[in-house]
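Participant: Coordinates only, no sequence provided:
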């Protein structure tokens, strides 16, 4: 099975699990649950849960056992998008070709949808995989994800991104923003897969470093796509980051240098993936997919 | 030591622990951390962490061991106030006599302060009290708090509160809103204290029911204060809920009936507190304090 078929099958599994985990739209309070589902089922690529599951397999575990916990990462990613899109933040009206949550449901509900998704993520992390003997792994999962998405991780990156908007190009600042804003949750996805599989500390650290570099790769690819993509392939307006004066790799280094950085990093990561999981593993193919995706 | 002295000593301990737990204002990203501290150190009564600690003592545990975990409740309570005060929600400019966070730091940062405080709460719950042998309690703490503050708890109550604003008085709806919006986190505070002390299931359930009723008592007292309090005693504008067309106990039942409900419930809760912790315990005095507070 090629990587695209694997990813399609993974997406299907993740989508089905998210559907089981989220409260139904006819449960009180219905409008909130409907809006949460609108936010989550908007055609996301499910990169973070898939990454956690591929890591679990690469570490010798059974990805079935971490399906629900991996979905918590997608709930968190979705919450961050809903809040980032708000008028007071990036003021985006379009996401994956549809109205953003605050356009569809109003600003108050969009704020609360984000809050509820973040809480739901920790409910899921506190529940799966079950059993008292796995409680130490489960609680470590809660802790590591909370650190990754908190004030010195994802939220911190968003704060600095807002502060840096319209400021002159600054490569150290760019690195700091991307490492926190996107990198932290992607690195946590890899780390979660490793921790829930029960790897030893050196292996965990190796996976964590791999996840951090993969987060960087993802962000460089994203920045390049913002310049080179089309509205129909992206499902959002291309060139928006540049127009908003955001710090991006092409803005700081120029497009050719950003592309060179992308291929160099992708080559390193493929080699590390092969070292981690052996030849022919899916993690290496996933790196390739991230580096070459067109949306 | 009278209950007021106990509460003052408790508040001091909780404040000191919150100060240790929160990142310092000079750690990156400084402005976010400064705003988080502005939100948390605004003269809160620390009702939820104190309640968790009093429950721990009533259940035969040592409240010192749950100090940090109890503080997570205050982080969550603060996040909920910061988001509730936002222009898109209650649009409050004054809280405990000071500018609300979005007035002091802007709307974008206020949204992110709330997000960061909620994440920080789960970091704390995932970390304290330490030790692998306590991991099952810690993970259950994460789960129960996440459920209490999620879409069918605190956030759900906030959604229905918004939907009910300006609607005709409706006692079933009022009950549902208060049970979720304020009651769920107060009940979770009691439950957290019991769970981290390691009580058996029937005892836990008894404490949980006690916490639910205490949440109701707290909310009735709050609603009455909104009608009878003064701006200087409340640190916020009195009559604001009534003017905003919010569902409150005095609005639904009238002030005298609301007061009767308050004293009846307070008497029941004092009796249950005595049954739980023996005569002369602090939980019963705490019930009295909640029922008779003037701010």
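Facilitator: It's in. Given the structure is predicted, the values throughout are model-derived calculations rather than measurements.
Participant: residue ranges with poor pLDDT in the stretch 101-250 of chain A?
Facilitator: Applying pLDDT under 70 to the stretch 101-250 of chain A picks out residues A:230-238.
Participant: tell me which element the residue nearest in space to the middle of chain A falls in.
Facilitator: Closest to where the C-alpha atoms of chain A average out (Cα atoms, centre = their mean) is residue A:48, at 4.6 Å. Using DSSP states H and E, the element containing residue A:48 is helix A:47-58.
Participant: Equivalent analysis for residue A:291, please.
Facilitator: Applying DSSP H and E as the criterion places residue A:291 in helix A:282-292.
Participant: tilt between that helix and helix A:47-58?
Facilitator: In terms of direction (axes from the mean of the first three to the mean of the last three Cα atoms, to 10 degrees), helix A:282-292 departs from helix A:47-58 by 150 degrees.
Participant: what about the longest helix seen in chain A and chain B, touching?
Facilitator: Counting by DSSP state H, the longest helix found in chain A is helix A:201-228. No. If you take Cβ under 8 Å from any Cβ of the partner chain as the test, helix A:201-228 misses chain B, and the best it gets is 14.1 Å. Placement of C-beta: from N, CA and C, glycine included.
Participant: show me what contacts residue A:119?
Facilitator: By Cβ atoms under 8 Å, 6 or more residues apart in numbering or on different chains, residue A:119 lies in contact with B:118, B:146, B:149, B:150, B:151, B:153, B:155.
Participant: With respect to residue A:73, which of these is nearest?
Facilitator: Residue A:73 lies nearest to residue B:146 out of these, by Cβ to Cβ, at 15.0 Å.
Participant: Would you agree the closest one is in contact with residue A:118?
Facilitator: No. Assessed by Cβ atoms under 8 Å, residue B:146 is found out of contact with residue A:118, at 9.1 Å.
Participant: Tell me how many other residues crowd residue A:45.
Facilitator: By the measure other Cβ atoms under 10 Å in any protein chain shown, the count of residues near residue A:45 is 16.
Participant: same thing with residue A:94?
Facilitator: 16.
Participant: do residue A:100 as well
Facilitator: Residue A:100 has 25 nearby residues by other Cβ under 10 Å.
Participant: Can you tell me how far it is from chain B?
Facilitator: Note on residue A:100: its distance to chain B, by Cβ to the nearest Cβ, to the nearest Å, is 14 Å.
Participant: about what we covered before: what helices or strands is the longest helix of chain A leaning on?
Facilitator: With contacts defined as 3 or more Cβ pairs under 8 Å, 6 or more residues apart in numbering or on different chains; DSSP states H and E, helix A:201-228 has these neighbours: helix A:47-58, helix A:171-178, helix A:184-197, helix A:240-243, helix A:249-253, helix A:255-277, helix A:282-292.
Participant: Please identify the buried residues of that helix?
Facilitator: Using 16 or more other Cβ atoms under 10 Å in any protein chain shown as the test for burial, helix A:201-228 gives A:204, A:206-208, A:210-227.
Participant: How about stretch A:243-257?
Facilitator: A:246, A:247, A:248, A:249, A:250, A:251, A:252, A:253.
Participant: tell me the contacts of the residue nearest to residue A:181 when sequence neighbours are not counted?
Facilitator: What sits nearest to residue A:181 in space, not counting adjacent residues and going by Cβ to Cβ, 6 or more residues apart in numbering or on different chains, is residue A:157, at 2.9 Å. Residue A:157 makes contacts with A:176, A:177, A:178, A:179, A:180, A:181, A:182, A:183, A:184, as judged by Cβ under 8 Å, 6+ apart.
Participant: chain center to the helix holding residue A:291: distance?
Facilitator: 15 Å (Cα atoms, centre = their mean, to the nearest Å).
Participant: thinking again about what came up before, can you flag which of the contacts of residue A:119 belong to helices?
Facilitator: The helices, defined by DSSP H, take in B:118, B:146, B:149, B:155 from the contacts of residue A:119.
Participant: Which neighbouring elements make contact with the next helix or strand after the helix holding residue A:48?
Facilitator: Next helix or strand after helix A:47-58 toward the C-terminus (DSSP H and E): helix A:67-84. In terms of contacts (3+ Cβ pairs under 8 Å, 6+ apart), helix A:67-84 is packed against helix A:3-21, helix A:30-40, helix A:47-58, helix A:107-125, helix A:135-149, helix A:154-164, helix A:184-197, helix B:107-125.
Participant: next one: helix A:67-84 to chain centre, how far?
Facilitator: With Cα atoms, centre = their mean, you get 8 Å for helix A:67-84.
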